[in-house]
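**Student:** I'll drop the sequence and a predicted model, then ask my questions.
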Amino acid sequence: MSDFVYAESGERDGRRQGCLRLAGDLTVAEAAELRLALMAALEACEVLEIDASAVGEVDVAGLQALCAVHRGGVARQRQVRVKGLDAGPWPQVLRLAGFQRHEACPLSNDRKNCLWLC
């Protein structure tokens, strides 16, 4: 079972900030619920921090959902950051899936702002 909790975290530089805490699994079984939580959080703020430190299991559906919210943020001139990718299942999953990058993808609005930069 997964738990996705959004909370406003104030305003900085005139931009609404929020944090979406992800806990549990990010697999195909949770993909629809995860996508809805990510998109709702993106609509609620202009700077979204996603805390993925409590994630237990991740598959390609979870990775794709995070990429989709990042692309959505770029399209809406919003910033999306993910923390917690250095622990738990993340290092191995990112390496095996080939998601670790040394530069941002061409879809990023900031060459230093990519979820998978290592």
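**Tutor:** Noted; the coordinates are in hand.
**Student:** what helix or strand is the residue nearest to the spatial centre of the chain on?
**Tutor:** Residue closest to the mean C-alpha point of the chain, counted by Cα atoms, centre = their mean, is L66 at 4.3 Å. Here L66, judged by DSSP states H and E, is contained in helix 60-75.
**Student:** any buried residues in that helix, and which?
**Tutor:** A61, G62, L63, Q64, A65, L66, C67, V69, H70, G72, G73, V74 (16 or more other Cβ atoms under 10 Å). Every residue, glycine included, has its C-beta placed from N, CA and C.
**Student:** just how off-centre is that helix within its chain?
**Tutor:** Helix 60-75 has its average C-alpha position 7 Å from the chain's average C-alpha position, going by Cα atoms, centre = their mean, to the nearest Å.
**Student:** the chain: strands as residue ranges?
**Tutor:** 3-12, 15-26, 47-58, 79-83 (DSSP state E).
**Student:** one step back: distance of the residue nearest to the centre of the chain from V58?
**Tutor:** 9 Å (Cβ to Cβ, to the nearest Å).
**Student:** again with F99
**Tutor:** F99 is 10 Å from V58, by Cβ to Cβ.
**Student:** these two: who's more crowded?
**Tutor:** V58 (23 against 18; other Cβ atoms under 10 Å).
**Student:** counting by contacts, list what the helix holding L66 packs against.
**Tutor:** Helix 60-75 makes packing contacts with strand 15-26, helix 31-44, strand 47-58, strand 79-83, helix 90-97 when contacts are defined by 3 or more Cβ pairs under 8 Å, 6 or more residues apart in numbering; DSSP states H and E.
**Student:** could I get these as TSV with mean pLDDT?
**Tutor:** Shown next, in TSV, are those (pLDDT from 0 to 100):
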stretch	mean pLDDT
strand 15-26	96
helix 31-44	96
strand 47-58	95
strand 79-83	89
helix 90-97	89
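**Student:** any chance of CSV for the ones you listed, columns distance to A7?
**Tutor:** Formatted as CSV, the helices and strands packed on helix 60-75 follow (distance: least, Cβ to Cβ, whole Å):
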stretch, distance to A7
strand 15-26, 6
helix 31-44, 9
strand 47-58, 10
strand 79-83, 14
helix 90-97, 22
